[in-house]
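>>> any chance you could fold what I've pasted below:
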Amino acid sequence: MTPAPRTAGTAPDPYTLTAAWAEELNLDVEEWDARAEFPWEKWKTIQRSGLLAVPFETRYGGHGGTLTDTMRALQGLGHTCRDAGLGFSASTQIVSVGVPLQAFGSEELKSRFLPPIINGELITAHAITEPDNGSDALNISTTATRDGDDYVIDGGKMFITNAPIADLFLLYVRTGKPGPFALSVFLVERDTPGLTVGEPLSKMGLRTSPLSAVTFDGLRVPASRRIGQEGAGFLILDHVMKREILFSFSLTLGEMEHRFERVLAYAKSRRQFGAPIGAFQGVSHKIADMKIAVESARKWLTDTGVKVEAGQDAAIDIAATKTVVSEANKQTALDAVQIFGGQGYLTATGLERDVRNAVAGTIYSGTSEIQRNRIASLLGL
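This next block holds a predicted model:
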């Protein structure tokens, strides 16, 4: 992703925000992954880097960056940091509560909660997916019933990133009959009676990014904690999901860039049968395809980010970007293992961890199958 030209005295390229912290971010990555624990010490490094502040207004402690600035910063994190789970939690921190709160929240809520979200003192999560409905947001079954100045919420959510460590949740719940105007959004603190966070779920990859279910039983939330108008949930969800995909897969692009550089260097230095393995067509074609995959991902993300930032219709672009980048990441991770051979299969190399992490990208934020269905529908099929 080529950065926009900058004049003298302007802020540095956000891509470089986390580069100086590489040693701290990459300390004992294999051990943290094996333990499947959230690395709190590294979270402090993320806080110090200023990454979490990029897209937020300066009056709340942010950097006042654009959507594409945020994409660029997360791309840089992906290139710098080998702990993909930590990066995924950081991306979730930015987009889950802070982004919709800034765009749709009351000034009272923004003034109170944005500063500690931006500096990373409050960890955030958004609760959208349900056990029975998955990505079918039109049929969310968790309900919020108005009771005087409050809403009473009952139901449950599943696969909630950051939930085991979150202080703040943004809940997407039904306030009317199923349909496009039935969804509303509420900001809820972790210690609110009636909200229960489940035990962390063991998973294949992104193991340092904690995940769990969240349930609501008579959860009473003041109407003042609603984000936007009642029934505006789909508008908010659309705003958030576009950015969730652009942000998390900018992170992925950075990871792909680093993997490509590593594989290219290895293919030039590793010798077999009297020549560098990159001289053999079977290897060189894989590396050529890897380069094509990285640049295709970069172009889709760049063009779609510009479109979303300009307020243009980008529905097909978002679905295509998510599909292209997630599938390219999975394939290049597998190819990297193949090129490294026996070394690639060892956990110490870190490439098998790349494969495990990459599988998640074709599932979260809407599976590849759902993205293709969306594109087909938008084409009138």
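>>> now do the phi/psi pair for residue 172.
phi -100, psi 110 (degrees, to the nearest 10).
>>> and it, how far is that from residue 149?
Distance, residue 172 to residue 149, using Cβ to Cβ, to the nearest Å: 21 Å. C-beta: built from backbone N, CA, C; applies to glycine.
>>> of those two, which one has the most company?
residue 172 (24 against 9; other Cβ atoms under 10 Å).
>>> now do the contacts for that one.
In this structure, residue 172 makes contact with 126-128, 137, 140, 142, 183-185, 233, 237, judged by Cβ atoms under 8 Å, 6 or more residues apart in numbering.
>>> redo those as CSV? Include neighbour count, secondary structure and distance to residue 213.
Below are the contacts of residue 172 laid out as CSV (neighbours: other Cβ atoms under 10 Å; DSSP: H, G, I helix; E, B strand; the rest coil; distance: Cβ to Cβ, whole Å):
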residue, neighbour count, secondary structure, distance to residue 213
126, 28, strand, 14
127, 28, strand, 9
128, 28, coil, 13
137, 21, helix, 18
140, 22, coil, 15
142, 21, coil, 12
183, 25, strand, 20
184, 25, strand, 21
185, 29, strand, 19
233, 28, helix, 20
237, 19, helix, 20
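>>> quick check: which of the residues you listed has the minimum pLDDT.
Within the contacts of residue 172, residue 137 has the lowest pLDDT, namely 75.
>>> let me see the backbone angles for the closest residue to residue 166 other than its chain neighbours.
Spatial nearest neighbour of residue 166, chain neighbours left out: residue 125 (4.0 Å); criterion: Cβ to Cβ, 6 or more residues apart in numbering. Taking degrees, to the nearest 10, you get phi -150, psi 150 for the backbone angles of residue 125.
>>> got it, and residue 199?
Dihedral angles for residue 199 - degrees, to the nearest 10 - are phi -70, psi 150.
>>> surely it meets residue 210?
No. Counting by Cβ atoms under 8 Å, residue 199 stays clear of residue 210, with 9.9 Å between them.
>>> between the two, what contacts are shared?
residue 164.
>>> so for those two, which sits in the more crowded spot?
It is residue 210, of residue 199 and residue 210, that has more neighbours when counted by other Cβ under 10 Å, with 25 against 9.
>>> against the centre of this protein, work out the most remote residue.
residue 274 (43.9 Å; Cα atoms, centre = their mean).
>>> how much space between that residue and residue 280?
Distance from residue 274 to residue 280, by Cβ to Cβ: 11 Å.
>>> what's the answer for residue 140, then?
Separation of residue 140 from residue 280 (Cβ to Cβ) stands at 53 Å.
>>> from the chain's centroid, how far away is the helix or strand encompassing residue 101?
Applying DSSP states H and E as the criterion places residue 101 in helix 99-104. In terms of Cα atoms, centre = their mean, to the nearest Å, the centre of helix 99-104 is set 17 Å apart from its chain centre.
>>> how about stretch 84-99?
Worked out by Cα atoms, centre = their mean, stretch 84-99 lies 5 Å from the chain centre.
>>> and if you look at stretch 319-332?
For stretch 319-332, the distance to the chain centre is 14 Å (Cα atoms, centre = their mean).
>>> buried residues, it. List them.
319-330, 332 (16 or more other Cβ atoms under 10 Å).
>>> follow-up on the earlier one: what's the closest of the contacts of residue 172 to residue 105?
Distance to residue 105 across the contacts of residue 172 (Cβ to Cβ) is lowest for residue 185, with 9.4 Å.
>>> end to end on stretch 156-169, go ahead and measure it.
13 Å (Cα to Cα, to the nearest Å).
>>> what does that stretch contact?
Applying Cβ under 8 Å, 6+ apart, the set of residues contacting stretch 156-169 from outside is 38, 88-89, 92-93, 96-97, 113, 117, 122-131, 142, 171, 187-190, 195, 197-201, 209-216, 364.
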